[in-house]
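Visitor: Here you go, sequence then predicted model.
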Amino acid sequence: MNIPEASLAERVYSTGEIADVCRMTKHTILSAIQRGELVSSTTPGGHHRIREGDAAAFLLKHNIPVELLTERHTKVLVVDSDRFVGELISGLLGDDDLDVEIAAGAFEAGAAAERGRPGVVILDMRSVGAGALGLISEIKSSALCRRTKVLAVLSGPAGRSTTEIYEAGADEIIRKPFTVEDLREKARKLLGAREAIPSASAGE
């Protein structure tokens, strides 16, 4: 069976995500990587990442429907011009089930969203500035991001009405200051998860 390259873009998965899709243990997936049965790359932190085409080939070999890959939406894109804040949010959500990426501005975020097709984009409206509404519209109108949800983060004096933020395409709004559980609850809701997102831990 041929795998249409155009439909696979450049999305990548963690070993935890592939294990969940295949109903296998993470140890089994790591063993497959070590045997060369599943191709992966390694991040600077030593974690494995599997490109969608390689994941699809592995699923086909084990008679697992490739469509299961596209049904998972565990990627989160955090958009914040303050890298420290982005890293903080990433640390709160970045466990082995959530693959978190950080973008510092609207242009970088738009490219990252189309490349990674995240399940949720957490967008700090104030930090992005005038381009925030346009970024929301861009993400929501992209064919590659048709399932992506946008969580808009508001802080400080209200510069925009929530109405225009929703009209631009945002799916949910959260206001600073918020608690860790508030953020997790919003992310969980938008990702469609049924169970609480656990605390950050080192994943493969």
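Guide: Nice, thanks for sending it over.
Visitor: residue nearest the centroid of this structure?
Guide: Among the residues of the chain, the one closest to the centroid is residue 75, at 1.7 Å (C-alpha atoms, centre = their mean).
Visitor: so residue 150 is in which element?
Guide: strand 149-154 (DSSP states H and E).
Visitor: Now do the domain split for the protein, please.
Guide: Under the assignment automatic domain parsing, the domains of the chain span 5-70, 75-191.
Visitor: what about the shortest one, average pLDDT?
Guide: If I follow you right, that is domain 5-70. In this model, domain 5-70 has a mean pLDDT of 84.
Visitor: tell me how far that domain is from the chain's mean position?
Guide: Distance, stretch centre to chain centre, for domain 5-70: 16 Å (C-alpha atoms, centre = their mean, to the nearest Å).
Visitor: Ok, stretch 64-78 next?
Guide: 9 Å.
Visitor: Now do the helices in this protein.
Guide: For the chain, the helices defined by DSSP state H occupy 15-22, 26-35, 52-61, 67-70, 83-93, 106-116, 125-128, 132-141, 162-168, 180-191.
Visitor: who are the neighbours of the first one, in terms of helices and strands?
Guide: What that stands for is helix 15-22. helix 26-35, strand 48-51, helix 52-61 (3 or more C-beta pairs under 8 Å, 6 or more residues apart in numbering; DSSP states H and E). Glycine gets a C-beta too; all of them are placed from N, C-alpha and C.
Visitor: Now distance to residue 104 and mean neighbour count too, for those, in TSV please.
Guide: Below are the helices and strands packed on helix 15-22 laid out as TSV (distance: least, C-beta to C-beta, whole Å; neighbours: other C-beta atoms under 10 Å):
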stretch	distance to residue 104	mean neighbour count
helix 26-35	31	16
strand 48-51	21	19
helix 52-61	25	19
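Visitor: Next, format those as JSON lines and append distance to residue 174.
Guide: Below are the helices and strands packed on helix 15-22 laid out as JSON lines (distance: least, C-beta to C-beta, whole Å):
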{"stretch": "helix 26-35", "distance to residue 174": "31"}
{"stretch": "strand 48-51", "distance to residue 174": "29"}
{"stretch": "helix 52-61", "distance to residue 174": "30"}
